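# Fold the stuff below for me.
(one chain, ligands or ions: 1)
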Amino acid sequence: MNLGNVLIRSDLNVPISNGNISDNFRIKQALSSIYKIKKISETITFISHLGRPTGFDLNFTLKPIAKEMRKILDEDVVFINDDVMELSSIFQSEYSSKIYVLENLRFYEGERESDTQFAKCLAKPFDTFILDAFGAAHRNHASIIEVGKYLNSYQGPLMNKEINELQSLLESPNQPYTVIMGGAKISDKLNLIKNLLPKVDNLILGGGMCFTFLKSQGYEIGASLCEDNFLNTAGELLNSRDGKKIILPIDFGVTDDLFSSYRNDKPLKELKVSDIGVDIGPKTVELFSKIVHSSKTIFWNGPMGVFENESFEYGTKEITKSVSESKAYTVVGGGDSVSAINKYSKIQNFNHISTGGGASMELMEGKKLPGVNIYEPLII
Ligand code: AMP
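Numbers count the residues shown, from 1 in each chain. I've put the predicted structure just below:
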């Protein structure tokens, strides 16, 4: 098998501040099969988006990513910031290296609008296209759904793994199966909750989203995060046939100021009008950990509290530890949970960490993603 000149759509969208990459997890994942692909190709050119620029904006350049790739691979990686429409002539004149990285695709309207001409120009210098950007598979962009039409195209190894892992959580998880959900808003995760509730044995809810559920049952939640528009839906879910599977916190860390270090732990029933619930309390950690340790499969998404503030990180830290120590098959989805793992545990302590935030959520919601399973899987 020789793939010739290969174009790979990866997800190199990593957090960067002042030109420094604070978490290179996605880059490392994107490079995990590069040695195998190198053996069967002439050149490899990576394309990706970074952030959400709406035009040419150097704050979103992929240059630091090319530099990081050079460091990780310890070999030459050429960064190309010439216009995609001129790509063909550039590649014909200089194949100086084996590995290339093109500038941020979202600088181009053609990418964002999935323009045919843009996709054709992008495809022109190459023989093979590999779609390996699971984190962007929910986007109808040229590099996801259009460019592959003009090349010999495959679904990449990382994407195959992501899809298999998440699909097996939807179809055949070992039971007891526990889903732990946190984060800020119930509105973002409602479809996910609805799709997963019939499939799980336990649905643990923490973070800001649990307060809407608690308020729907008449509890005083003080000034904690609440989405009043969803009170009825939350109540209906709790009262539904599967509602008994939902496990809510029984005590909280509360404060009177989100930006202070003041924290007081108290039982749910003692919350006052002025209290802001910012974390789960120790009794809840005990309750949730017991369920974690009796589970065979765990899917975790979203922090248990405002973990960015050290005074409110306790619950997220403890649940990260519980999940990493459990004997269950553990899958983690979403950006904030990955930050928590990097802070309080190690990536290696989990069976699978999804590189896709929005895309993993949509797949787990049961949606059909535009970029999933449109090409034959590349088996190498
Ligand atoms: P999400 O992007 O929906 O997963 O939400 C992640 C964010 O939820 C983090 O920035 C946390 O600070 C925030 N969060 C978690 N728990 C709470 C809470 N009790 N109140 C307010 N925000 C929270």
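
# right, and residue 226 touches residue 209 too?
No. Counting by Cβ atoms under 8 Å, residue 226 stays clear of residue 209, with 9.4 Å between them. For every residue, glycine as well, the C-beta is placed using N, CA and C.

# With neighbour numbers in mind, choose between these two.
Counted by other Cβ atoms under 10 Å, residue 226 and residue 209 do not tie: residue 209 has more neighbours, with 25 against 22.

# Quick check, pLDDT for the more buried one.
Note for residue 209: predicted pLDDT of 95.

# mind listing what it touches?
Listed by Cβ atoms under 8 Å, 6 or more residues apart in numbering, the contact partners of residue 209 are 181, 182, 183, 184, 185, 186, 189, 225, 302.

# Recalculate using a threshold of 6 Å.
residue 186 (Cβ atoms under 6 Å, 6 or more residues apart in numbering).

# For burial, what's the neighbour tally of residue 171?
8.

# Going forward, count from 43.
Right, with 43 as the first residue, what we last looked at is residue 213.

# Now it, what are its backbone angles?
phi -100, psi -40 (degrees, to the nearest 10).

# Can you name the residue of the protein nearest to the ligand?
Taking Cβ to the nearest ligand atom, the ligand has its nearest neighbour within the chain at residue 225, 2.6 Å off.

# Tell me which helix or strand comes right after the helix or strand containing residue 330.
Counting by DSSP states H and E, the element that carries residue 330 is helix 324-335. The helix or strand immediately downstream of helix 324-335 is strand 339-343, counting by DSSP H and E.

# Checking my notes, residue 215 in a helix, right?
No. Counting by DSSP: H, G, I helix; E, B strand; the rest coil, residue 215 is not found in a helix; it is coil.

# That one against residue 339, yeah?
Yes. Contact status for residue 215 versus residue 339: in contact at 4.1 Å, counting by Cβ atoms under 6 Å.

# Which parts of the stretch 93-242 of the chain are strands?
119-122, 141-144, 170-173, 194-197, 219-223 (DSSP state E, counting those that start in this stretch).

# Please write out the alpha-carbon positions of the third one in PDB.
Once side chains and other backbone atoms are set aside, the C-alpha atoms of strand 170-173 remain, and they are given as PDB (Å, rounded to 0.1, in the frame of the first residue of the first chain):
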ATOM      1  CA  THR A 170      -4.900  10.500  -0.500                       C
ATOM      2  CA  PHE A 171      -7.100  12.200   2.100                       C
ATOM      3  CA  ILE A 172      -7.400  11.000   5.700                       C
ATOM      4  CA  LEU A 173     -10.200  12.400   7.900                       C
END
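
# That one pairs with which strands?
strand 47-51 (parallel), strand 194-197 (parallel) (DSSP bridges).

# can you pull out the strands in the stretch 243-392 of the chain?
Going by DSSP E, counting those that start in this stretch, the stretch 243-392 of the chain shows strands at 244-247, 288-289, 293-297, 306-309, 318-322, 339-343, 371-374.

# Adding distance to residue 364 and mean pLDDT, write the ones you listed out as CSV.
Below are the strands of the stretch 243-392 of the chain laid out as CSV (distance: least, Cβ to Cβ, whole Å; pLDDT from 0 to 100):
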stretch, distance to residue 364, mean pLDDT
strand 244-247, 11, 98
strand 288-289, 14, 98
strand 293-297, 16, 98
strand 306-309, 18, 98
strand 318-322, 12, 98
strand 339-343, 9, 96
strand 371-374, 10, 96
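
# Could I get those in TSV, plus columns for mean neighbour count?
Output for those, formatted as TSV (neighbours: other Cβ atoms under 10 Å):
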stretch	mean neighbour count
strand 244-247	24
strand 288-289	19
strand 293-297	26
strand 306-309	14
strand 318-322	27
strand 339-343	26
strand 371-374	22
